[in-house]
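>>> test case, fold it:
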Amino acid sequence: MTAPDGRPRLLVLRALGLGDLLAAVPALRALRGAFPGHELVLAAPPELAPAAAATGAVDRLLPACAPGRAVPRALAWRGPPPEVAVDLHGNGPPSHRLLLALRPGRLLAFAHPGTPSVAGPAWCPHEHERERWCRLLRSYGIAADPTDLALPRPAGTSPAPGAVVLHPGAASAARRWPADRYAAVARGLLERGHRVAVTGGPGEDALVARVAVPGAAAFPGGLPFGVLSALVAGAGAVVSGDTGVAHLAVAHGTRSVTLFGPVPPALWGPPPSPRHTALWHPGPPGNPHGRRPDPLLLRIRPEEVLAALARGEAPAG
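Numbers count the residues shown, from 1 in each chain. Model (predicted):
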């Protein structure tokens, strides 16, 4: 059950996106503190390796991913079983079975009737994501602080220091506020003397082009994590949907305005702080993976976003 250097190994499954990883930072740090002599291996998509390293909690990333938010079919684990496995991916049973197949010495996970051998705490569907995983660990006697989520300031310099960063993309259409509304926000900020930068992930070049009105800087194609992190850390403010960039702004303490629709901020929103504003019009929850912008998201108008930014401290460029 040891790593090549002789340390026992602890495997954490969180094969999801950037926002999911950043929401799990408090849990990862709690595990690091509880198992200081273990090699902590995170099973996650390979592109998250730089972000995982930035947490200061992960020793090694084990590439693992599946379409959507599905559980990977297998893990490329080599050597003896992990001494401890931790399911931070979901509430089972597929994630439980994936980890149990490795024959870990212990499995820390939420209980599920489909895997009666896992004697963990009950899953609560109406719980904030950061608190959920900290509660899981506390149920096993591991101290965990859901507010321990800050990342160190990046070593690199921002390509657009002081700019208000607009990030219109999201993994699903349900969480994408319309591009024309982001463009209206960009124009309003430029008229008020702010510098504006527009970012997008891989495959979102056309979306970035629709938002990057004349005078705004465009960063299409998906910035490397180090550059994106520096851009967000050095921004005057960040405006986005409920995405990884919103979580990155929180991790760097950057002023943020996050637009919520199908999922309320009570489940995925920023911690209480005057630096972070969650815009949401209450209503019945929607499908966060839907193919159309959620109706609650569409209730948010550009004027609300500009007003929220005006209440903050986004500096003029």
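>>> nearest spatial neighbour of Val250, skipping sequence neighbours?
Pro270 (4.8 Å; C-beta to C-beta, 6 or more residues apart in numbering). Glycine gets a C-beta too; all of them are placed from N, C-alpha and C.
>>> residues in contact with that neighbour?
Pro270 sits next to Ala246, Val250, Ser256, Thr258, His276, Ala278 when contact means C-beta atoms under 8 Å, 6 or more residues apart in numbering.
>>> how about a cut-off of 7 Å?
Each residue near Pro270 by C-beta atoms under 7 Å, 6 or more residues apart in numbering is listed here: Val250, Ser256, Thr258, His276, Ala278.
>>> which ones among the residues you listed are found in strands?
In this view, these that belong to strands under DSSP state E are Ser256, Thr258, His276, Ala278.
>>> I'd guessed the second one sits against Arg275; true?
No. Thr258 is beyond contact range of Arg275, at 11.6 Å (criterion: C-beta atoms under 7 Å).
>>> so for stretch 119-135, mean pLDDT?
Rounded to a whole number, the mean pLDDT of stretch 119-135 is 96.
>>> between Thr258 and Arg275, which one's more packed in?
The residue with more neighbours, out of Thr258 and Arg275, is Thr258; 25 against 15, by other C-beta atoms under 10 Å.
>>> need the contact list for the closest residue to the more buried one other than its chain neighbours.
Distances taken as C-beta to C-beta, 6+ apart place Ala246 nearest to Thr258, at 4.4 Å, with adjacent residues excluded. Applying C-beta under 7 Å, 6+ apart to Ala246 gives the contacts Gly19, Val238, Ser240, Ser256, Thr258.
>>> name the helix or strand for Ala246, please.
helix 244-251 (DSSP states H and E).
>>> restricting to C-alpha, output stretch 131-140 in PDB.
Extracted in PDB, the C-alpha atoms of stretch 131-140 (Å, rounded to 0.1, in the frame of the first residue of the first chain):
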ATOM      1  CA  GLU A 131     -19.700  22.100   3.300                       C
ATOM      2  CA  ARG A 132     -20.800  18.700   1.900                       C
ATOM      3  CA  TRP A 133     -17.300  17.300   1.600                       C
ATOM      4  CA  CYS A 134     -16.100  18.800   4.800                       C
ATOM      5  CA  ARG A 135     -19.100  17.200   6.600                       C
ATOM      6  CA  LEU A 136     -18.100  13.800   5.100                       C
ATOM      7  CA  LEU A 137     -14.600  14.100   6.500                       C
ATOM      8  CA  ARG A 138     -15.800  15.300   9.900                       C
ATOM      9  CA  SER A 139     -18.000  12.300  10.200                       C
ATOM     10  CA  TYR A 140     -14.800  10.200  10.000                       C
END
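>>> and it, what's buried?
Glu131, Arg132, Trp133, Cys134, Arg135, Leu136, Leu137 (16 or more other C-beta atoms under 10 Å).
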